[in-house]
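Q: got a sequence here, can you model it:
(one chain, ligands or ions: 1)
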Amino acid sequence: MARKPLIAGNWKMNLNHLEAIALVQKIAFSLPAKYFEKVDVTVIPPFTDIRSVQTLVEGDKLLLTYGAQDVSAHESGAYTGEISGSMLAKLGCTFVVVGHSERRTLHGESDETVLAKTKAALGCGITPIVCIGEGLNIREAGEHVAYNVAQLKASLAGLSADEISQIVVAYEPVWAIGTGKVASAADAQEVCKAVRDTLAELASPEVAQAVRVLYGGSVNAKNAGELIAQPDVDGGLVGGASLKADEFATLSAIAAGGPLP
Ligand SMILES: O=C[C@H](O)COP(=O)(O)O
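A: Residues are numbered from 1 along each chain as shown. Next comes the predicted model:
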């Protein structure tokens with residue numbers, strides 16, 4: 001089954017709502033409709049930008065989608081500072097990132113938390129982009145495949161095949177995030193294939209063939225082509241390069257098979 005590539009721009013804690021509007025306008029201007037037939041493009045701004053992005057996307061009927069960087073595991077109530085899935089759904093979010101390594105590391109999120117957030121997103125009709133990835137010590141010990149498979153299994157534990165069919169997985173080796181040290185295409189393919197094999201085991205071969213598996217970690221317009229050309233790499237979760245309209249549009253066009261805008 002041919003999987004449509006997905007390019008997701010995780011802005012992290014960058015850009016206020018006015019800057020968000022400017023960036024989305026520039027990206028949309030650079031990517032005419034024909035590109036969206038071959039690639040899904042989404043931006044993942046901070047929570048405070050989402051309403052502005054929604055107004056722009058809906059008002060101008062833009063073809064890109066948008067999402068959030070995190071979601072509460074809870075539906076509502078006394079959870080100061082948290083944002084629920086239903087709030088994000090009301091804002092028209094298509095995707096939500098769960099289990100990003102920065103949240104696992106800086107906020108102590110466990111696989112159980114990631115699973116709960118994945119369920120919360122699915123319960124609100126939002127596609128979770130479930131992130132996994134090994135640190136440098138695991139990579140250097142040669143244990144990266146087993147580590148990622150275990151993290152994926154724990155983050156999806158107990159989900160039905162139907163639920164698994166509704167997710168996106170992002171493999172992001174922690175040592176490649178924001179460091180400029182991109183994994184080689186072969187490194188990305190090795191783990192993304194192991195992810196797909198694991199999805200086949202957890203759900204079914206058909207589901208595994210349909211789920212998109214992204215690579216993230218220092219993706220840019222120069223390396224995106226080789227990474228996405230790998231049989232089990234279906235796009236990218238892009239950090240730094242997603243803040244530059246020209247570069248993000250270019251790597252989206254590369255994922256669409258060109259021509260460059
Ligand atoms: O979510 C995105 C990743 O953490 C990658 O970030 P980066 O492209 O800046 O390395």
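Q: use CA for all of it now, contacts and neighbours both
A: Will do.
Q: contact partners of the helix or strand hosting I27?
A: Element membership for I27 (DSSP states H and E) is helix 17-30. Residues outside helix 17-30 that contact it (CA atoms under 8 Å, 6 or more residues apart in numbering) are 43, 45, 48-50, 52-53, 56, 62-64, 243-246, 248-249, 261.
Q: do the same with stretch 228-248
A: 3-12, 23-24, 26-27, 30, 170, 177-178, 185-186, 188-189, 192-193, 196, 212-221, 224, 227, 255.
Q: the stretch 51-200 of the chain against the ligand: which residues are in contact?
A: Counting by CA under 6 Å from any ligand atom, the stretch 51-200 of the chain comes close to the ligand at 176-178.
Q: give me the buried subset of those residues.
A: 176-178 (16 or more other CA atoms under 10 Å).
Q: buried residues, stretch 51-63. List them.
A: For stretch 51-63, using 16+ other CA under 10 Å, the buried residues are 51, 53-54, 56-57, 62-63.
Q: what's the answer for stretch 129-145, then?
A: 129-134, 138-139, 144-145.
Q: picking that back up, then the helix holding I27 to CSV, C-alphas only?
A: In CSV, the C-alpha atoms belonging to helix 17-30 read as follows (Å, rounded to 0.1, in the frame of the first residue of the first chain):
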residue,chain,number,x,y,z
HIS,A,17,0.8,34.0,17.5
LEU,A,18,1.6,36.9,15.2
GLU,A,19,4.8,35.2,14.0
ALA,A,20,2.8,32.0,13.6
ILE,A,21,0.5,33.7,11.1
ALA,A,22,3.4,35.1,9.1
LEU,A,23,5.1,31.7,8.9
VAL,A,24,2.0,29.8,7.9
GLN,A,25,1.2,32.4,5.2
LYS,A,26,4.7,32.1,3.8
ILE,A,27,4.6,28.2,3.8
ALA,A,28,1.2,28.2,2.2
PHE,A,29,2.2,30.7,-0.5
SER,A,30,5.2,28.5,-1.3
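Q: any idea of the mean pLDDT in it?
A: For helix 17-30, mean pLDDT rounds to 97.
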